[in-house]
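Participant: just the structure for this:
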Amino acid sequence: MIRFSNCKINIGLHITGKRPDGYHNLETVFFPLPLYDVIELIEDSRTDVSVMGQHIPGLPENNIIIKAWNLLKKDFPTLPSVHFYLLKNIPAGAGLGAGSANGAYTLLALNQKFSLGLTGQQLMHYALQLGSDCPFFILNKPSLAKGRGEVFTASAIDLSGYQIVIVNPGIHISTPWAFSQITPSAPATSLESAIARPVAEWKQLITNDFEVAVFEAHPEIKEIKNDLYQAGAIFALMSGSGSSVYGLFEKHKKVNYSAAQHHFVKQMNL
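Facilitator: Below is the predicted model of the structure:
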């Protein structure tokens, strides 16, 4: 069985409060992208993962794909051992949620391949145990997210008239560090109202709370955002806690963006 595991961007990201469980409440819009990793599942004598393509830090046994298998194995003892092959096209730790998607798609694939009978709601419950971003990829539709990022309201946002340029400079941003730099507060403008406005107005309305600290620590990331605007982006923003930055451009406009040689750059229609 083969599954194509996509990623996402955050359109706006506000940290609104600290929770008693140690997590943070947030407000963001998750928007899925047509950019994919590839996961293949083959029943085998032992459970393992082979990774090709982009580097993933850490040991294979700590990969979220293996964590997803272990999570289901606890409740389904007869779940067979599986060898996973992961073609990693999307940079890890880039604010694009690719690792979270790998975990979610593993749950979906195991559920289908071995007829576990899990409902969408049950899969989202398992996904949340893997990470705050994971439940979104069970749903995988444009959504306003609150809570830890697992409370969804469907969004009617339509970006079909745009193309996107994603730039990742290969800088690792520690998510715990990024959260430690934030003083939670309610946004001046709610994302629900901001995304209802024309995209041309988003620059004045939509922000990412992590940008201030990340840009101060890594001016190169701020420069990418400025360069995207210089290249004609209608809207540009850092995704998640970084370090990827994206720009939205009119669909049929030629984009004259010049990236540094070591940057990961992807341009696609939405």
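
Participant: which residues does stretch 69-78 contact?
Facilitator: Here stretch 69-78 makes contact (CB atoms under 8 Å, 6 or more residues apart in numbering) with 47, 79, 82, 84, 106-107, 110-111, 114, 116, 126, 129-130. Placement of C-beta: from N, CA and C, glycine included.

Participant: so Leu13 belongs to a helix, correct?
Facilitator: No. Going by DSSP: H, G, I helix; E, B strand; the rest coil, the assignment for Leu13 is strand, not a helix.

Participant: list the buried ones in stretch 40-52?
Facilitator: By 16 or more other CB atoms under 10 Å, the buried positions in stretch 40-52 come out as 41, 47-49, 51.

Participant: sorry, slip of the keys, the one I care about is stretch 248-265.
Facilitator: Neighbour-count burial for stretch 248-265 [16+ other CB under 10 Å]: 248-249, 257, 263-264.

Participant: for the stretch 51-200 of the chain, which segments are assigned as strands?
Facilitator: 82-88, 143-146, 151-154, 162-168 (DSSP state E, counting those that start in this stretch).

Participant: any chance of those strands in JSON lines, plus mean pLDDT and distance to Ile182?
Facilitator: As requested, the strands of the stretch 51-200 of the chain are exported to JSON lines (pLDDT from 0 to 100; distance: least, CB to CB, whole Å):
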{"stretch": "strand 82-88", "mean pLDDT": "98", "distance to Ile182": "29"}
{"stretch": "strand 143-146", "mean pLDDT": "96", "distance to Ile182": "16"}
{"stretch": "strand 151-154", "mean pLDDT": "95", "distance to Ile182": "19"}
{"stretch": "strand 162-168", "mean pLDDT": "98", "distance to Ile182": "22"}
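
Participant: rewinding a little: got a winner among the contacts of stretch 69-78 for most neighbours?
Facilitator: Counting neighbours by other CB atoms under 10 Å, the top entry in the contacts of stretch 69-78 is Thr106, with 30 neighbours.

Participant: give me the nearest residue to that one, chain neighbours excluded.
Facilitator: Ala68 (3.9 Å; CB to CB, 6 or more residues apart in numbering).

Participant: contacts only, for the one you found.
Facilitator: 103-104, 106-107, 110, 126, 130.

Participant: about what we covered before: show me the one of the strands of the stretch 51-200 of the chain that comes nearest Ala200.
Facilitator: strand 162-168 (10.9 Å; CB to CB).

Participant: would you list the strands that the closest one pairs with, along with their directions?
Facilitator: Using DSSP bridges, strand 162-168 pairs in its sheet with strand 245-250 (antiparallel), strand 264-269 (antiparallel).
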